[in-house]
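K.L.:
Next one to model:
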Amino acid sequence: MNLPASGTARREKLRPSLFKLLPSPVRMRRSWAFGPVMVLMASGAPAATDLPALWAERAKSVVAVEYVTETETERQLTASMGTVIDGEGTIILPADAVDPRAAIWQLKEFKVYVPSDPESVPAVYLGQDAFTGWHFVRAAEAIRSRVVPITAFVRDGSPDAPELAELVWGIGLRHKDEDFAPYLLQGHVALIQSLPQRVAIAQQEVAAPGLPVFNRSGEFVGLAVSSFGQSYLQFSRAVSGAPVILINVEESSAFTVAGEVLPYLGRVPQHASGRPLAWLGTYGLEPMDRDVAKFLKLSAQSGVVVSEVLEGSPAEQAGLEDRDIILALDGEPLPRLKPDRVIVTHIQREIDRRAPGQTLGLTVLRGSERIELAVVLGEQPKLMREAERKYFDTLGLTAREFVYSDGIAQRIKPAEAGGVIVHYVKPSSPVAIAGLRREDWLREIDGVEVETFPEAVEQLGRIERDETRSEFVLLVRRGAETAVLRVKLR
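P.N.:
Numbering: from 1, shown residues only. Coordinates of the predicted model:
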């Protein structure tokens, strides 16, 4: 079975995870942090509650979402787990539920399944919110009376974050051939950390990624995120102990706490593209080195070093410079987060929560001087998923419009942008045999320089329609190298 690159790929198991439900089993495993330990799983229903009754209601807040991605040569079917958030049938899916390389128009035939029901209802893809990362889908009205929004299980607003050692439980879903049957997962909270969102990590898996987690009373306490990799040692006769990292793509021990989820359920995208999208215009943000912080007498706070300010960006227009150290946003010092790299995600989220046209105040350290800058955030340039594309079956490639991020990858100035990017290469096709690769930058086609996407489409189309042509030539840039590829057609 071929698994797509997306973290939402479903893997077949030999049998259901029923052993998770057995009373008090003991398993040997390597924990995510503490090395080999004996993990004693909780048994019995939470005290003073009726778990079967809680389960019956809360299982109505989860669904399975299936959709098709139409690629150049096939239709890829993907299933992901989602949580219902309102009475309009709106569903949120985790960030990795959709391949970021897929164009919006390639995503088709969305369907929603209630657990244990083989029949589906149609749904519409609403887009992805940049701040939360969630994909939003809205199911047809026929399903709305059969599901319950997660907000129904919140009492007196957002509950407190779970405490260490507290028992939490959640829901997993089986595969389509088992009608997405729900099953119970549970564990005790082992760690709570800001990454930069407040995330709780349990001793063992407590829910499928994208599905809710509850406390003993059945209150919503968080939303499961993609599982962290766990390190194991694999022993054999030839190797004494080789490290292996295993990732469970169907279940997770980590969940974002409810206080980081509930305030943002209303961030339904205005457009399927996710726009409007705020843009600062920096590249290569890095956490300030601890030794540098100590030298600058900044050990008590976080800082982020700006590797590069992009030409023509809002950051450049506001006066931000390469090697500036960002110390505060809108007058608020950057929080101390561990590990240090998390602070970069914090800054990006602060940008994503805003809209184009809003002003973001930056306090930066330049040399020994503190400077206050006011950046008017811009609209993010066209994204890869929004770029125009054209597939040429006879030649065996998809040409994609050159976008701003391609210029960053190629390390060129905006004025030097042009040509097209190779988005897809068909195996064993003429261009594949000639050595063309995905992400190659096409500058010339048959000796003709192409500056725009329409020019490239016209030139490639002319070659493909010419049944008498036996070969053509491509001038390709790959990283810092330029190559000429001779493509044989006959």
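K.L.:
packing partners for the strand ranked longest in the chain?
P.N.:
If you go by DSSP state E, the chain has its longest strand at strand 182-194. Strand 182-194 is packed against strand 167-173, strand 198-202, with contacts defined by 3 or more CB pairs under 8 Å, 6 or more residues apart in numbering; DSSP states H and E. Placement of C-beta: from N, CA and C, glycine included.
K.L.:
Just name the most buried of the ones you listed.
P.N.:
Scoring those by mean neighbour count under mean count of other CB atoms under 10 Å gives strand 167-173 as the most buried, with a mean of 24.
K.L.:
how near is the closest residue to Tyr183 other than its chain neighbours to His135?
P.N.:
Using CB to CB, 6 or more residues apart in numbering and skipping residues adjacent in sequence, the residue nearest Tyr183 is Gly172, 5.1 Å away. Taking CB to CB, to the nearest Å as the measure, Gly172 falls 20 Å from His135.
K.L.:
Also Phe295?
P.N.:
Separation of Phe295 from His135 (CB to CB): 44 Å.
K.L.:
Tell me who's in contact with Phe453.
P.N.:
Contact analysis of Phe453 by CB atoms under 8 Å, 6 or more residues apart in numbering lists 388, 390, 399-402, 420.
K.L.:
Touching, the residue nearest to Tyr183 and Asn248? I think so.
P.N.:
No. Using CB atoms under 8 Å, Gly172 is not in contact with Asn248, being 10.2 Å away.
K.L.:
Restricted to buried residues, select the contacts of Phe453 in ChimeraX.
P.N.:
Restricted to buried positions by 16 or more other CB atoms under 10 Å, the ChimeraX selection for the contacts of Phe453 reads:
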select :390,399,400,401,402,420
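K.L.:
With pLDDT and distance to Ala278 added, can I get the contacts of Phe453 in TSV?
P.N.:
Shown next, in TSV, are the contacts of Phe453 (pLDDT from 0 to 100; distance: CB to CB, whole Å):
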residue	pLDDT	distance to Ala278
Glu388	96	24
Lys390	96	30
Ala399	97	30
Arg400	97	24
Glu401	96	22
Phe402	97	23
Val420	97	28
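K.L.:
Show me the contacts of Phe453 that map onto helices.
P.N.:
When DSSP state H is applied, the contacts of Phe453 are split such that none fall in helices.
K.L.:
Mind checking which of the contacts of Phe453 land in strands?
P.N.:
Using DSSP E, the contacts of Phe453 in strands are 390, 399-401, 420.
K.L.:
out of these, who's nearest Ala434?
P.N.:
Proximity of the ones in strands among the contacts of Phe453 to Ala434 (CB to CB) peaks at Ala399, which lies at 15.1 Å.
K.L.:
how far away is the closest one from Tyr232?
P.N.:
Ala399 is 44 Å from Tyr232, where distance means CB to CB.
K.L.:
pLDDT averaged over the longest strand of the chain, what's the number?
P.N.:
Mean per-residue pLDDT for strand 182-194: 95.
K.L.:
So in that sheet, which strands flank it, and in what orientation?
P.N.:
Sheet pairing of strand 182-194 (DSSP bridges) gives strand 167-173 (antiparallel), strand 198-202 (antiparallel).
K.L.:
Now mean pLDDT and distance to Val84 too, for those strands, in TSV please.
P.N.:
TSV is the format used below for those (pLDDT from 0 to 100; distance: least, CB to CB, whole Å):
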stretch	mean pLDDT	distance to Val84
strand 167-173	97	12
strand 198-202	95	22
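K.L.:
for Arg478, what are its contacts?
P.N.:
The neighbours of Arg478, taking CB under 8 Å, 6+ apart as the test, are 437, 440-441.
K.L.:
For it, give me the backbone phi and psi.
P.N.:
Note on Arg478: its backbone torsions stand at phi -130, psi 100 [degrees, to the nearest 10].
K.L.:
Any idea how far stretch 428-440 is from the middle of the chain?
P.N.:
With CA atoms, centre = their mean, to the nearest Å as the basis, stretch 428-440 stands 28 Å off its chain's centre.
K.L.:
Need the contact partners of that stretch.
P.N.:
For stretch 428-440, the external contacting residues (CB under 8 Å, 6+ apart) are 394-397, 409, 421-426, 474, 476-478, 483, 485-489.
K.L.:
Please apply the same query to stretch 279-286.
P.N.:
With CB under 8 Å, 6+ apart as the test, stretch 279-286 has contacts from 304-310, 312-316, 320, 326, 344, 347-348, 351, 356, 360, 375, 377-381, 408.
K.L.:
Could you list the low-confidence segments of the protein?
P.N.:
Counting by pLDDT under 70, the ranges of the chain that qualify are 1-49, 157-160, 239.
K.L.:
So it: which segments form each domain?
P.N.:
The record's domain parsing of the chain by automatic domain parsing lists 1-269, 278-379, 387-488.
K.L.:
ok, back up a step: more neighbours: Phe295 and His135, which one.
P.N.:
His135 (26 against 10; other CB atoms under 10 Å).
K.L.:
returning to that earlier point: identify the contacts common to Gly172 and Asn248.
P.N.:
Shared contacts of Gly172 and Asn248 (CB under 8 Å, 6+ apart): Glu205.
K.L.:
that older thread, out of the helices and strands packed on strand 182-194, which is closest to Gly210?
P.N.:
Nearest of those (CB to CB): strand 167-173, 9.9 Å.
K.L.:
who's in contact with the closest one?
P.N.:
17, 42, 46, 51, 58-59, 62, 64, 81, 115, 162, 180-189, 200, 202, 205-208, 211-216, 221-222, 224, 250-251, 255.
K.L.:
rerun at 6 Å
P.N.:
Strand 167-173 has contacts (CB atoms under 6 Å, 6 or more residues apart in numbering) with 42, 62, 64, 81, 115, 162, 180, 182-183, 185-186, 188, 206-208, 211, 213-216, 251.
K.L.:
Next: stretch 339-352.
P.N.:
Here stretch 339-352 makes contact (CB under 6 Å, 6+ apart) with 130-131, 195-196, 278, 280, 285, 287, 302, 304, 329, 334, 337.
K.L.:
same deal with stretch 127-143?
P.N.:
65, 89-93, 95, 97-98, 110, 112, 121-126, 264, 267-269, 271-272, 274, 277, 352-353.
K.L.:
Just the ones of these in helices?
P.N.:
If you go by DSSP H, those have Asp352 in helices.
K.L.:
And the contacts of stretch 127-143, which of them are buried?
P.N.:
Neighbour-count burial (16+ other CB under 10 Å) applied to the contacts of stretch 127-143 gives 65, 89-93, 95, 97-98, 110, 112, 121, 123, 125-126, 267-269, 272, 274, 277, 352.
K.L.:
quick one: buried residues of the lengthiest helix in the chain?
P.N.:
Among the segments of the chain that qualify as a helix by DSSP H, the longest is helix 453-465. The neighbour-count check on helix 453-465 (16+ other CB under 10 Å) flags 453, 455-457, 459-460, 463-464 as buried.
K.L.:
export those residues to a markdown table and tack on distance to Pro149?
P.N.:
Converted to a markdown table, the buried residues of helix 453-465 look like this (distance: CB to CB, whole Å):
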| residue | distance to Pro149 |
| --- | --- |
| Phe453 | 43 |
| Glu455 | 50 |
| Ala456 | 47 |
| Val457 | 46 |
| Gln459 | 52 |
| Leu460 | 49 |
| Ile463 | 54 |
| Glu464 | 51 |
